[in-house]
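Chemist: below is the sequence, then the predicted model.
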Amino acid sequence: MSLIALGVTGGIGAYKAVEIARRLQKQGHDVVAVMTDAAQRFVTPLTFEAITRRQVVTDLWTPGTNADIEHIALASQIDLLLVAPCTANTLGKFAHGLADDFLSSLYLATTAPVVLAPAMNTNMFAHPAVAANLQALQARGVRIVEPGSGYLACGWIGKGRLAEPEDVVAFVQQVLAPAPSALRGRTVLVTAGPTYENIDPVRYIGNRSSGRMGFALAAEAARRGARVTLVAGPTTVAPPAGADVVRVRSASDMHAAVMARAAEHDVVIMAAAVADYTLDQAPQKIAKSEGPLVLTLSRTRDILADVGALPSRADGRPVLVGFAAETHDVVAHAREKLARKRADLIVANDVARADAGFEVETNAVTLVSADTAEEVGLQSKEGVAARILDRVEPLLSKWPAPAPAR
Ligand code: CTP
């Protein structure tokens, strides 16, 4: 049994928070409701008091409650802070560290896990300011229960409706007592970032990959208990703690680094943007001349395909995940790549979108296997990484022979 602070903020979904409180109690948890002023316009504190059988916190300034600085006392007692519904205003306050009421002070004062279930109008949810606040909070480890889509109280149809009470409660249960991950004790190799192909001692051909997607995968795999090797091309973003980092520069360096290690890993995820072409580096800086400069490029070796060509698990073939950048017919092209490179899963990026892929912190992908295609909507790269690993886990548990202990 856990003590859960249920923050209720001022949205029409506040009435569903009553059902959430009831369901949390049915799971054996003790619930203390914390209501903002606006929430009390939708539902009365008395309702929550009757359900939770605890005094409802409504005010930072109630005389008597500060004898032991209540928000600090509660902050250290709770096992989890859940805010459902969480309005755009409360999201903004949490993201920016404002503490002008009990709930926002509680958020800053607690070190317990925080779960937010946003609910608001579709356009508000889609607004870049709200998206940026959500991202900042997720980057700090706050978990978000995605709102549902459908008919909203404001008469609009779209995304923004508070997630269903049973889904919110299932999410909370998973945070409080996560199911053991199939990745625990397994080994995962992730490639990340661009590769640079040297033209001469001062120039190179590169690409815009930041490495963030691969870094998010490495961090999430480590969080799930895997031993992680991260083969990273030249990036300015810092790699996550908890992974053994192997730095490489060119596609050929990356090929060598991955092929030397692939057979020792249960999973290989090729998130790097590997150059398809390279060239022989000129020994000295090429001085300019009047005419055009002609560089002859030659094909690099396809690392993903070479790992896919490893004959069997016994010969070291890992569960293999590749990425694909597509602008159209995303699933068909990804499936063709899946078969050609003998991968188990292809993460297809729709690079026609401005808010996904290179140089941004969000991504939207389709996870393509031989017989399924699952769309993962726009979210942080950390969120996408979790969805990718959720798909890898069942593949791994079906894998005939786990790699021997190393
Ligand atoms: N890849 C690789 N070695 C290369 C090139 C790419 O391992 N020399 C991997 C990438 O890390 C990625 C996947 O292959 O996982 C991308 O496949 P690719 O065939 O290069 O597809 P696209 O980049 O989508 O481009 P295209 O459609 O032009 O083939």
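Modeler: Right, received. Where do you want to start?

Chemist: just give the number of residues close to Ile269.
Modeler: Ile269 has 31 neighbouring residues, counting by other Cβ atoms under 10 Å. Just so you know, the C-beta spots here come from the backbone N, C-alpha and C atoms, and that holds for glycine as well.

Chemist: next: Arg203.
Modeler: Applying other Cβ under 10 Å, we find 14 residues neighbouring Arg203.

Chemist: same question for the one 5 residues further on.
Modeler: Residues contacting Arg208 under the criterion other Cβ under 10 Å number 9.

Chemist: and it, that one's in a helix?
Modeler: No - inclusion of Arg208 in a helix is not indicated when DSSP: H, G, I helix; E, B strand; the rest coil is applied; the result is coil.

Chemist: so how far is Thr235 from it?
Modeler: Look at Arg208 and Thr235: by Cβ to Cβ, to the nearest Å, they are 11 Å apart.

Chemist: hey, what's in contact with both of the two?
Modeler: Common neighbours of Arg208 and Thr235, counting by Cβ atoms under 8 Å, 6 or more residues apart in numbering, are Pro194.

Chemist: three-state assignment of the residue of the chain most remote from its centre?
Modeler: Distance from the centre of the chain peaks at Glu290, with 49.9 Å (Cα atoms, centre = their mean). Using three-state DSSP, the structure places Glu290 in coil.

Chemist: gap between it and Ile199?
Modeler: Separation of Glu290 from Ile199 (Cβ to Cβ): 19 Å.

Chemist: how is the chain divided into domains?
Modeler: For the chain, automatic domain parsing gives the domain ranges 3-176, 187-396.

Chemist: quick one: average pLDDT of the first one?
Modeler: Read that as domain 3-176. In this model, domain 3-176 has a mean pLDDT of 91.

Chemist: quick one: that domain to chain centroid distance?
Modeler: Mean C-alpha position of domain 3-176 versus that of the full chain (Cα atoms, centre = their mean, to the nearest Å) differs by 21 Å.

Chemist: what's the span of that domain from first residue to last?
Modeler: Domain 3-176 has its terminal residues 11 Å apart, counting by Cα to Cα, to the nearest Å.

Chemist: with stretch 114-132 instead?
Modeler: End-to-end span of stretch 114-132 (Cα to Cα): 18 Å.

Chemist: for stretch 262-270, same thing?
Modeler: 11 Å.

Chemist: and that stretch, does that touch the ligand?
Modeler: Yes - against the ligand, stretch 262-270 shows contacts by Cβ under 6 Å from any ligand atom at Met270.

Chemist: get me the contact residues on this structure for the ligand.
Modeler: Counting by Cβ under 6 Å from any ligand atom, the chain comes close to the ligand at 251, 270, 272, 274, 276, 300, 302-304, 322-325, 337.

Chemist: can I get those residues in TSV including neighbour count, pLDDT and secondary structure?
Modeler: Shown next, in TSV, are the residues of the chain next to the ligand (neighbours: other Cβ atoms under 10 Å; pLDDT from 0 to 100; DSSP: H, G, I helix; E, B strand; the rest coil):
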residue	neighbour count	pLDDT	secondary structure
Ala251	25	98	helix
Met270	28	98	strand
Ala272	28	98	coil
Val274	24	98	coil
Asp276	13	97	coil
Thr300	18	98	coil
Asp302	18	98	coil
Ile303	26	98	helix
Leu304	25	97	helix
Gly322	26	98	strand
Phe323	25	97	strand
Ala324	22	95	strand
Ala325	15	90	strand
Lys337	18	96	helix
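
Chemist: tell me the one of those nearest Tyr107?
Modeler: Of all those, the one with the least separation from Tyr107 (Cβ to Cβ) is Phe323, at 35.7 Å.

Chemist: who's in contact with the closest one?
Modeler: If a contact means Cβ under 8 Å, 6+ apart, then Phe323 has 213, 270-271, 346-349 as its contacts.

Chemist: equivalent analysis for Leu279, please.
Modeler: Leu279 neighbours (Cβ under 8 Å, 6+ apart): 197, 199, 205, 295-298.

Chemist: ok, these vs the ligand, which is closest?
Modeler: Among the contacts of Leu279, Glu197 lies closest to the ligand (Cβ to the nearest ligand atom), at 10.9 Å.

Chemist: all helices of the stretch 151-300 of the chain, in order?
Modeler: Under the criterion DSSP state H, counting those that start in this stretch, helices of the stretch 151-300 of the chain are mapped to 165-176, 212-223, 251-261.

Chemist: quick one: which of these is nearest Arg53?
Modeler: helix 165-176 (18.3 Å).

Chemist: correct me, but Val114 touches Leu108?
Modeler: No - using Cβ atoms under 8 Å as the test, Val114 is too far from Leu108 to be in contact (10.6 Å).

Chemist: neighbour-wise, which of the two wins?
Modeler: Remark: of Val114 and Leu108, Val114 carries more neighbours, 22 against 13, as counted by other Cβ under 10 Å.

Chemist: fine by me, we can end here.
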